[in-house]
Each structure stands twice: as structure tokens, then as C-alpha cells.
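Engineer: give me a model of this one.
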Amino acid sequence: MPYQLYDYVNHLGKNEFKQWMSKLEKRQLAKLNEKLDKLELYGDALYPDMLTGTPVAGISKIRARGNVQLRPLLCKGPVDITKEYTLLMGAKEIGNKWKPENAPTIANGKKKMIIEDSKNRRIKHERVL
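Structural biologist: Residues are numbered from 1 along each chain as shown. Presented below is the predicted three-dimensional model:
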């Protein structure tokens, strides 16, 4: 596959993105896994239908529509911006408002932590079934 996916891990080594995904309903999880599979295959070619920007530069969101608008936040790289994406956190949009509030800003902070310590702050994406 042309792109490698990574998950952010916190200072305790916990995969927060995997934890968020494991709480989704089966239908939501299936939709999101389909989007992540496409991201691995096509990367930037998914703009603007499925992968769009956020108010924070360098932070993108995956658009997974449904009863609840899932908006996982990610960035290109940040180690190799030509071959990888890092899933920073799970989020939702409800009535054009982020849940959690300020999610793109929080995701940007996580991106900065990865830049400072990429060996300990991310791991290869762990698929949730």
C-alpha cells in the first residue's frame, strides 16, 4: 500500500485512537475502517470528498457521515509527509461544533509531541474490528 497509517500514543503508551474506535457502534466502525482503507490506498486523492482541512493548518479530518458525524483528526507524516498519515484523535461534529471542543487544536498539540518524539509517541495503526 502506498501510505502507512500510524496512531498517536500518549505518554503512558496508550493508543488513544484505538480506544476511541473501540467505543464506536459496529456500523460506524465499519464505515470508518472503509475510509481508513481508502486512505492507505489513495492518500491525498481523497480530497475533498472524504479528507478535508480544519481551521488548524496541517490538521485534516476524515469525513464519515451517519447518524453521528465522525471526524477523526490526522496529519500527513509528520515524519515522512510523502508516505504516511498519523491518526491523532477521534472527534465528532454535532451541529457544526466539535466534540471534544477545540479538537483540531488538541490534535495539533499531539502532532507536535510526535515531532518531538516520534519513536515513542506513535505506533503502526491498530485496526479495530
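Engineer: not counting sequence-adjacent ones, nearest residue to G13?
Structural biologist: Leaving aside its sequence neighbours, G13 sits nearest to N120 (Cβ to Cβ, 6 or more residues apart in numbering; 7.6 Å). C-betas here are computed from N, CA, C, even on glycine.
Engineer: can you show me the helices along the chain?
Structural biologist: Remark: helices assigned in the chain by DSSP state H are 16-22, 26-42, 103-116.
Engineer: tell me the contacts of the residue lying closest to V9 once chain neighbours are set aside?
Structural biologist: Counting by Cβ to Cβ, 6+ apart, N15 is the residue found nearest to V9 once chain neighbours are left out, at 5.3 Å. Applying Cβ atoms under 8 Å, 6 or more residues apart in numbering, we find N15 in contact with D7, Y8, V9, I123, E126.
Engineer: got those as JSON lines, with distance to K99 columns?
Structural biologist: Formatted as JSON lines, the contacts of N15 follow (distance: Cβ to Cβ, whole Å):
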{"residue": "D7", "distance to K99": "20"}
{"residue": "Y8", "distance to K99": "18"}
{"residue": "V9", "distance to K99": "22"}
{"residue": "I123", "distance to K99": "25"}
{"residue": "E126", "distance to K99": "23"}
